[in-house]
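# Could you work out the structure for the sequence below:
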Amino acid sequence: MIMNNKLLYIHDPMCSWCYGFKPVLETLHKELTGVIEIHYLLGGLASDNNQPMPVDMQNQIKQNWRTIEKTIPGIKFNYEFWTSCVARRSTYPACRAILAAAKQDINLQMDMLNLIQQAYYLEARNPSDYEVLYELSKQLNLDHNQFIIDIHSDVINNELMSQIQQCRSIGADSFPSLYLQKEDTYQPVVLDYNNADIILDHIKSLI
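This next block holds a predicted model:
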């Protein structure tokens, strides 16, 4: 493990391009284990909002899904979401769910992320709804009642705000983003949605 170096992955669980990046991210984990720590930061794509998403925004996101399916082989979306759910531009609840799971076991943050993405993109369920997140938490080996308390707590919300501020402070304003942290400096890492080797080569050149 290279000391004082971290690879920061800036993401949002309801960011469709982050979902598309999942296969490459899994390869990065495999190749970088024992080489450099990968640290997850939540960028907070959309703040709390109980209003239905405007139709033009829904159409824009659906078009993003189609673009991703054409760009990244094997990535599919369930478009039934747009007829079976009331879409809202609100990703903070899903972000808090990841932090609430991590509070009980840091190793569960990835499991919660995967469950949220599966629910949203494949099962046409809405992770903007806390009831959906409560149900997802039951699939993890954690204290369900404590999860519900934590997801609404000031502690979790403050942690989310802190991570969002850290992302903004280093210039990470798009998701997903990769940054190499070397002590107090942050260097952007190239992204490629189909070729992990390009990313790995850039990381190696930076460290």
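# just for the chain, where's the confidence low?
Segments of the chain classed as low confidence (criterion: pLDDT under 70) are 1-3.
# Strands of that one, start to end?
In order along the chain, the chain carries the following strands (DSSP state E): 5-11, 37-42, 177-182, 185-189.
# Deepest-packed of these, please.
Of all these, strand 5-11 carries the top mean neighbour count, a mean of 22, counting by mean count of other Cβ atoms under 10 Å. From N, CA and C alone the C-beta is placed, and that goes for glycine too.
# partners of it, with directions?
Within its sheet, strand 5-11 is paired with strand 37-42 (parallel), strand 177-182 (antiparallel), according to DSSP bridges.
# so residue 32 sits right up against residue 203, yeah?
Yes. Counting by Cβ atoms under 8 Å, residue 203 is a contact partner of residue 32 at 7.4 Å.
# any shared contact partners between these two?
Residues touching both residue 32 and residue 203 comprise residue 7, with contact defined as Cβ atoms under 8 Å, 6 or more residues apart in numbering.
# Using JSON lines, please lay out the strands of the chain together with distance to residue 19.
Below are those laid out as JSON lines (distance: least, Cβ to Cβ, whole Å):
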{"stretch": "strand 5-11", "distance to residue 19": "9"}
{"stretch": "strand 37-42", "distance to residue 19": "15"}
{"stretch": "strand 177-182", "distance to residue 19": "15"}
{"stretch": "strand 185-189", "distance to residue 19": "19"}
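# between these, which gets nearest to residue 134?
The closest approach between residue 134 and any of those, judged by Cβ to Cβ, belongs to strand 37-42 at 19.2 Å.
# okay, that closest one in CSV with CA atoms only?
Provided in CSV are the C-alpha atoms of strand 37-42 (Å, rounded to 0.1, in the frame of the first residue of the first chain):
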residue,chain,number,x,y,z
GLU,A,37,-6.8,2.8,-0.9
ILE,A,38,-10.0,3.7,-2.7
HIS,A,39,-12.1,6.2,-0.7
TYR,A,40,-15.7,6.9,-1.5
LEU,A,41,-17.1,10.5,-1.3
LEU,A,42,-20.7,11.4,-1.9
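# List the buried residues for stretch 129-149?
Of the residues in stretch 129-149, 129, 132-133, 136-137, 140, 142, 147 count as buried by neighbour count, 16 or more other Cβ atoms under 10 Å.
# again with stretch 198-207
199-200, 202-203.
# now stretch 95-111
95-104, 108-111.
# and if you look at stretch 7-23?
Applying a neighbour-count criterion of 16+ other Cβ under 10 Å, one finds 7-22 buried in stretch 7-23.
# If we only consider the residues you listed, which is nearest to residue 40?
Within the buried residues of stretch 7-23, the smallest distance to residue 40 is 5.3 Å, found for residue 9 (Cβ to Cβ).
# pretty sure the closest one is touching residue 175, no?
No. The pair residue 9 and residue 175 does not pass the contact test of Cβ under 8 Å, sitting 9.7 Å apart.
# From residue 119, how far off is the residue nearest to residue 25 when sequence neighbours are not counted?
In space, and not counting its chain neighbours, residue 25 is closest to residue 9: 6.9 Å by Cβ to Cβ, 6 or more residues apart in numbering. Taken as Cβ to Cβ, to the nearest Å, the spacing of residue 9 relative to residue 119 amounts to 21 Å.
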